[in-house]
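Asks: Provided below for reference: sequence and predicted model.
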Amino acid sequence: MKFKWLILIFLFLTLKTWGQEQEDSLMVALQEVEVVAGVNPAGRLIDSVISRRDMNSPYSNSSFKVTQYHKFYVTRYHPDSMELKPYYLLNESVNELYYKKPYREHTEIIASKTSVARNPILSVLLTLSQTFSLYRSNYVEIMDTKYVNPIVKGTHRFYNFQIQDTLFKDQDTIFVIAFAPKKNIVFNALQGLLYVNKYDYSLTEVFAKSAKDFEAFPVKIIQKYEREASSNTLFSSELQAQIIYDKKIYSDNPLIVQSLITTKEVLVNIPIENKILNQEDVVAVKEGSEKGENILVKYRNAAISDLERQTYELGAQIQKKVKIDRKLFFLQTLLSGNIAAGPINIDVTRLIDFNNYEGFRLGLGFNTNRKFAREVGFGGYFAYGLKDRAWKWGGNMEILISEKLSSTLRVIYADDIFESAHTKYFNKEYMLFDGQFYRRWLIAKFDRSKLAGAEFKITVVKPLSLQIGAQYTQNRTCFDYSFKKPIPQPAEANAETAGYHYTNFELQVSARLAFKERKLKSEGFTFVGNSRYPVITINYFCGIRNILGSDFNYNKLNLKITHKQVYKRLGYSEICFEAGVVFEDVPYSLLYVPRAGGNVNWGHSHINFGFDGKDQFATMEANEFLSSAFTSLFFRHCFGKLRKGKTYNPKIVLCQNIGFGWLKHPENHHGVEFKTMEKGYFESGIVVEDLLVLLKFLSFGAGVFYRYGAYAQDNQLDNFAFKLRFCISM
C-alpha cells in the first residue's frame, strides 16, 4: 500500500518547519540478545507454543468485536534538550474491529482526531499499521514491513531460542525466552524476548526489535496478551510500536514515530450482521466533532495531557496557516491522477500523452469531485493529436447508488481513438512509472470510434465485484485493413473513409474475485492493498448483430489470475496468467494482440531501450502478433536483500515470460502484417532494483531481457531489450 507512505511522507515534509525538538522517550530499550544455537529446553517450549497456536488464537472464535483506542504521534529526538514541547504530529482514534468466520473482517473508525487536519485519512491509513495478534499471521507487520513471526511452524530454520529467565507472577510461572535470527541468513527478522506461561504455553508479553543487521528504519514493539474468560482465547491487550526515521532523511535529528493501541472491550461469539462485513476493510464513520470528542474522552487511557493539549492548539494554528486539509485533498486526488481545483478535478493523465499514431497528444480533462456533489458526478475531456491533426472528445456522468456496496451507474460517450485488439479487464488502471503506461507510446494501430455506453458496478460480497455494461460503437480502423475481402487497389486516399468500417453492439459482464484484499475508505477515496491470495478476473463479451446496424455476433471470454507469494527468506514471486478466446470469426480489432513493451520498429531501426513493466512482453514489438485464442504467463521472482546491512543493497529479480497464440482463418485479414505464435514465444530477463535509492524509498533500477525460440530475430542484438525501472521501495 504505497499510498500510505506517500501521504505520511507528505505530512512529515509539510510540517518540517513546524517541528519541535523533544527529549527522547524510547518506549523500550532492549539489550542486545545473545542466543547460542544448540539443544536447549527453549526449543521445546516454543514448539509447545506453536502447537497451541490455533487453540489460543482469537480467530478460533466464530466471531468477535473488539473496541480499541489508538494513539499515534511523531516527535523529534534531541538528546541535549530536556524541554518537553508539542509533538510533531498527534493522531487519536477509536476503532471497532469485527470478525466472523471463516474470513470476514471489518474495522470502523467511530471517532478520530488529528492535530493538524480534520481529514480522517491518517486514522484510516494507520488502522492496519500493526499486526493485531501474533497468533494469526506468519509475519509481524509494522507499517507495511513484514518481519518473520517467531511463533510459526518452521521457526527453528530462522531463529535461535534460549531461556533467559524464569519469573513468578501470582500462581503462574513465566519463562522468558530470548530469540534472535540465525547467522548468515538474510530476511526481515526480529530479535527480543517472549514471555511464555508454563501451564498453558501462552504468550503473555513480547518485547522485540528489528534485528540490527537487517534494519533500515529501526523498529521496536511491545505486545501484551490477556485471556478472554468466556472463550479461553488470547486477545492483545496492548500493542506498542516505535520506528526511528534516520536523521539523514529529513533533518539533523531523527523522527520518532510512536504507536500505542489499547484494547478496551472484547465481545466474543456474538451475532454480526453481514451488511457490516460487506463494506471495505476500514471505513471512517463521519461523526460530528462534539460526538467524536465524547467518544475519545470515554476511551482514552488517561485525561489528555498538557503536552497533547499544546499539540492540538498548535495544530489548529497550522491548519489555518498551512491548510493541511486542502493539501491532503489535493494529494489524494493527485494519487488518482487528478489535480483538485475546488469542486473540479483536472485529469493530469490527459494533459499530454504520446503514441505512434497521434504523436504527441495534448488535451484537458476534468471531472467533478465530492465537493460538487456526493451522489452524482460529471466529467469530460478533449484532446488533439499533433501527428494525425484530429480532435477527440468525450464525456460521462456517474451516479452513486449505494456507498456501502460501492454501487455506481456510469453513462459515457466518446469520439476518440482506441487501441485495436486490446484485452480489456475490470478496473484496469495505468499508473505513472508503470510500464503499462509507457507501453502506450509504442502502439501504432488504433480504431477511430464513436462510442456510447453504460456500466453498472456493485460489490456483491466483499471479495466479489461485478460490472455489467453495454456499449454501441461506430468504428473505423486507422490503418489499412480489410476483413474477408482484399483491399481495393489503389487504396482510398481520403483519411476519413480509409480503413475498415464496422459497427458493433456489445454486452459486457465482468467479475473480480479478490479474497482478503485490503480496502481502506476515507472521504470518498478508496485505497486498495494487495491480497495474500490469487486475484481472479473473468470478462465475458457478447456481440449482437442487427442492433442499430451492428455487424457481428460473437462470444468472447477473458481470464486473468495474478498472485504474489511471499517467502520467509527467499524474497517473493509474482505471477500473472492470462487466457482468452473469441469463438467466432471477427475482424482484427475484436481479436487479441499481446501487450508488448519491447523493440519498436520505427522505420528501418529498432529501439531496444525502454521502461520495465510487469505483465507484458519486454522484447516483443507492438502489434507484432495476432490471435483469436491465446494464453500467456508472466513470472518474476525477487530474491530480496542479498546481503546484510542497511547501506547499499540492490535486489535481483529474475523474469520469465511465455506466450502461445492461435488464429482462426488468418487468410481473412488483409492489408496488415502480423505473426501468430503457435510455437510459443519465450523471453527471459534480469532486473536489478535499488541500484539507486533516494530518500530511502525512491528506487531506480535497470534490466535486460532476451528473446529466444521459434520467434527470435535474425540479428542477435535485436533479441535484447534494455530497461529502466522506477518504483517506490519500502
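Replies: Here it is on my side, so go on. Every value quoted in this text rests on a predicted model; they were computed, and no experiment measured them.
Asks: now do the helices in the stretch 101-250 of the chain.
Replies: Taking DSSP state H, counting those that start in this stretch as the criterion, the stretch 101-250 of the chain contains helices spanning 121-126, 247-250.
Asks: who are the packing partners of the longest one?
Replies: With contacts taken as 3 or more Cβ pairs under 8 Å, 6 or more residues apart in numbering; DSSP states H and E, helix 121-126 sits against helix 2-14, strand 63-77, strand 89-100, strand 104-114, strand 282-284, strand 519-522, strand 525-528. For the C-beta atoms, the positions are set from N, CA and C on the backbone; glycine is no exception.
Asks: after the shortest one, next one along is what?
Replies: Right, the one you point to is strand 282-284. helix 289-299 (DSSP states H and E).
Asks: how about that following helix: buried residues?
Replies: 292, 295-296, 299 (16 or more other Cβ atoms under 10 Å).
Asks: now swap in stretch 446-466 and tell me
Replies: Buried residues in stretch 446-466 (16+ other Cβ under 10 Å): 446-449, 451, 453, 455, 457-459, 462-463, 465.
Asks: how about those residues, which pair is most distant?
Replies: Across those, the longest distance by Cβ to Cβ is 40.3 Å; it joins 448 and 462.
Asks: and the stretch of helix or strand residue 574 belongs to, what other elements does it pack with?
Replies: Take DSSP H and E as the rule and residue 574 turns out to sit in strand 572-582. When contacts are defined as 3+ Cβ pairs under 8 Å, 6+ apart, strand 572-582 sits against strand 554-566, strand 629-641.
Asks: ok, what's across the strand from residue 76?
Replies: residue 21, residue 255 (DSSP bridges).
Asks: gap between residue 323 and residue 317?
Replies: Noted for residue 323: a distance of 12 Å to residue 317, by Cβ to Cβ, to the nearest Å.
Asks: between the two, which one's more packed in?
Replies: Ranked by neighbour count (other Cβ atoms under 10 Å), residue 323 and residue 317 place residue 323 first, with 14 against 11.
Asks: not counting sequence-adjacent ones, nearest residue to residue 439?
Replies: residue 597 (4.5 Å; Cβ to Cβ, 6 or more residues apart in numbering).
Asks: whoops, residue 385 was the one
Replies: residue 358 (3.1 Å).
Asks: hang on, isn't the one you found packed against residue 416?
Replies: No: using Cβ atoms under 8 Å, residue 358 is not in contact with residue 416; the gap is 10.3 Å.
Asks: quick one, phi/psi of the most centrally placed residue in the chain?
Replies: For the chain, the residue nearest the mean C-alpha position is residue 529 (3.9 Å; Cα atoms, centre = their mean). Phi and psi for residue 529, reported as degrees, to the nearest 10, are phi -100, psi -180.
Asks: how about the helices and strands packed on strand 572-582, which one is nearest residue 338?
Replies: It is, among those and with distance given as Cβ to Cβ, strand 554-566, at 25.8 Å.
Asks: buried stuff in the closest one?
Replies: Within strand 554-566, the residues scored as buried using 16+ other Cβ under 10 Å are 554, 556, 558, 560-564.
Asks: and residue 679, that one's in a strand?
Replies: No: Residue 679 sits outside any strand when classified using DSSP: H, G, I helix; E, B strand; the rest coil, being coil.
Asks: leaving aside the residues next to it on the chain, what's closest to it?
Replies: residue 710 (3.8 Å).
Asks: ok, then the element right after the helix or strand of the chain with the lowest mean pLDDT?
Replies: Lowest mean confidence among the helices and strands of the chain (mean pLDDT, DSSP states H and E): strand 21-22, at a mean of 34. Using DSSP H and E, the next helix or strand after strand 21-22 towards the C-terminus is helix 41-51.
Asks: show me what that next one is packed up against.
Replies: The helices and strands touching helix 41-51, judged by 3+ Cβ pairs under 8 Å, 6+ apart, are strand 159-169, strand 172-181, strand 190-197.
Asks: recalculate using a threshold of 7 Å.
Replies: strand 159-169, strand 172-181 (3 or more Cβ pairs under 7 Å, 6 or more residues apart in numbering; DSSP states H and E).
Asks: so which of those strands gets nearest residue 264?
Replies: strand 159-169 (23.2 Å).
Asks: adjacent strands (with direction) for the closest one?
Replies: strand 172-181 (antiparallel).
Asks: who touches the strand it pairs with?
Replies: Contact with strand 172-181 is made by 33, 35, 42, 45-46, 150, 158-167, 189, 191-199, 204, 211, as judged by Cβ atoms under 7 Å, 6 or more residues apart in numbering.
Asks: stretch 519-537 too?
Replies: 1, 3, 119-121, 124-125, 280-284, 332, 370, 425-426, 512-518, 560-564.
Asks: buried subset of the residues you listed?
Replies: 1, 3, 119-121, 124-125, 280-284, 332, 426, 512-514, 517-518, 560-564.
Asks: picking that back up, of the contacts of strand 172-181, grab the buried ones for ChimeraX.
Replies: The ChimeraX selection below is limited to those of these classed as buried (16+ other Cβ under 10 Å):
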select :33,35,42,45,46,150,158,159,160,161,162,164,189,191,192,193,194,195,196,197,204,211
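Asks: which residues does residue 659 contact?
Replies: So residue 659 contacts 594, 617, 630, 632, 677, 681 (Cβ under 7 Å, 6+ apart).
Asks: test my guess that the fourth one contacts residue 575.
Replies: Put plainly, it is residue 632. No: Residue 632 is beyond contact range of residue 575, at 11.3 Å (criterion: Cβ atoms under 7 Å).
Asks: between those two, who's got more neighbours?
Replies: The neighbour comparison of residue 632 against residue 575 (other Cβ under 10 Å) goes to residue 632, with 25 against 17.
Asks: so what's that one closest to, chain neighbours aside?
Replies: Residue 632 sits nearest to residue 659 (Cβ to Cβ, 6+ apart), 4.1 Å away.
Asks: can you pull out the low-pLDDT segments for the stretch 601-730 of the chain?
Replies: The stretch 601-730 of the chain contains residues with pLDDT under 70 at 601-607, 642-648, 695-697, 728-730.
Asks: what about the closest residue in space to residue 283 that isn't next to it in sequence, distance to residue 371?
Replies: Nearest residue to residue 283, sequence neighbours excluded (Cβ to Cβ, 6+ apart): residue 521, at 5.0 Å. Residue 521 sits 17 Å away from residue 371, going by Cβ to Cβ.
Asks: neighbour count: the two, which is higher?
Replies: When residue 521 and residue 371 are compared for neighbours, residue 521 comes out ahead with 19 against 13, by other Cβ under 10 Å.
Asks: in the sheet, who's paired with that one?
Replies: Under the criterion used here (DSSP bridges), residue 521 is bridged to residue 283, residue 526.
Asks: from what I see, residue 472 and residue 548 are in contact.
Replies: Yes: between residue 472 and residue 548 there is a contact under Cβ under 7 Å: 6.0 Å.
Asks: mind listing the shared neighbours of the two?
Replies: Contacts common to residue 472 and residue 548, judged by Cβ under 7 Å, 6+ apart, are residue 505.
Asks: what's the pLDDT at residue 81?
Replies: Note for residue 81: predicted pLDDT of 54.
Asks: then the one 5 residues further on?
Replies: Per-residue confidence for residue 86 comes out at a pLDDT of 71.
Asks: helix/strand/coil for residue 275?
Replies: When the rule is three-state DSSP, residue 275 gets the label helix.
Asks: what's around the nearest residue to it once chain neighbours are set aside, how many residues?
Replies: Using Cβ to Cβ, 6+ apart and skipping residues adjacent in sequence, the residue nearest residue 275 is residue 404, 7.0 Å away. Under the neighbour criterion other Cβ under 10 Å, residue 404 is assigned a count of 12.
Asks: from residue 457, how far out is residue 404?
Replies: 13 Å.
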